[in-house]
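# Sequence plus predicted model, see below.
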Amino acid sequence: KAGVTQTPRYLIKTRGQQVTLSCSPISGHRSVSWYQQTPGQGLQFLFEYFSETQRNKGNFPGRFSGRQFSNSRSEMNVSTLELGDSALYLCASSYEPGQKNEKLFFGSGTQLSVL
Amino acid sequence: DQQVKQNSPSLSVQEGRISILNCDYTNSMFDYFLWYKKYPAEGPTFLISISSIKDKNEDGRFTVFLNKSAKHLSLHIVPSQPGDSAVYFCAASENFGNEKLTFGTGTRLTIIP
């Protein structure tokens, strides 16, 4: 069974640009979450989608947005990029959210560098 | 405000000995705790979890202990093996599940052969 797939693997952008990252969950998984990992901050929750609806949102500015498609694939978008947006963006999937002891499966991430 | 804290950025342990990784939290609403392991260039992988109704959970060489009164949990790895060298993240949630996890900053564990 294929794991969580994130594309692209690496991305270099300049300040002010926008970027779209893609995530394909494990087959059969309908919940997708996004996390940002930066040195010294650990992983910070961005948002979670289930059945094309955003269920939870972290404390990030409105420049960060996402969506989920009917096939459970998800995209996140960051507009007007800032230097501080340089980070590893991780996508995680699970069968359904809120299930006790349900595990999250992470992709390898997209490393975004903003110059 | 870091609600989940891993105060040791790194830890070195000899192969065969016990590795103890610590994690503290401040949010009393957390009721489910998880440990993830991360190798370079890979996403985190789930290791072990514990719910707040327990104080210990064991899975092979890995044991997690929870002290709710102290808001502290620890991961014990016995015996430590070279393949255990990785970054370990502690995480917590408020609903016994995997939603909206709050992660610590991680501890880099190095096992010395």
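All right, it came through fine.
# What residues does chain B have near chain A?
Counting by CB under 8 Å from any CB of the partner chain, the residues of chain B lying close to chain A are B:4, B:6, B:36, B:41-46, B:49, B:51, B:89, B:91, B:95-106. (Glycine included, C-beta is placed from N, CA and C.)
# ChimeraX command to pick out the buried ones of those?
To isolate the buried ones among the residues of chain B next to chain A in ChimeraX, judged by 16 or more other CB atoms under 10 Å in any protein chain shown, type:
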select /B:4,6,36,43,44,46,49,89,91,96,97,98,99,100,101,102,103,104,105,106
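# Go through the residues of chain B next to chain A and flag which are in strands.
B:4, B:36, B:45, B:46, B:49, B:51, B:89, B:91, B:102, B:103 (DSSP state E).
# Just list whatever residues bridge to the nearest residue to residue A:44 once chain neighbours are set aside.
Computed as CB to CB, 6 or more residues apart in numbering or on different chains, the closest residue to residue A:44 that is not its neighbour in sequence is residue A:36, at 5.0 Å. When bridges are called by DSSP bridges, residue A:36 pairs up with residue A:44, residue A:89.
# my read: residue A:36 touches residue A:84, true?
No: using CB atoms under 8 Å, residue A:36 makes no contact with residue A:84, being 10.3 Å away.
# Comparing these two, which residue is more hemmed in?
residue A:36 (22 against 8; other CB atoms under 10 Å in any protein chain shown).
# distance of the more buried one from residue A:5?
With the distance defined as CB to CB, to the nearest Å, residue A:36 ends up 18 Å from residue A:5.
# Residue B:45 now?
Between residue B:45 and residue A:5 the computed distance is 16 Å (CB to CB).
# re the thing from before, against residue B:107, how distant is the residue nearest to residue A:44?
Taking CB to CB as the measure, residue A:36 and residue B:107 are separated by 19 Å.
# OK, contacts around the residue nearest the centre of chain A?
For chain A, residue A:34 is the residue whose C-alpha lies nearest the centre (CA atoms, centre = their mean; 3.0 Å). Contacts of residue A:34 were listed using CB atoms under 8 Å, 6 or more residues apart in numbering or on different chains, and they are A:23, A:45, A:46, A:47, A:48, A:66, A:74, A:76, A:89, A:90, A:91, A:92.
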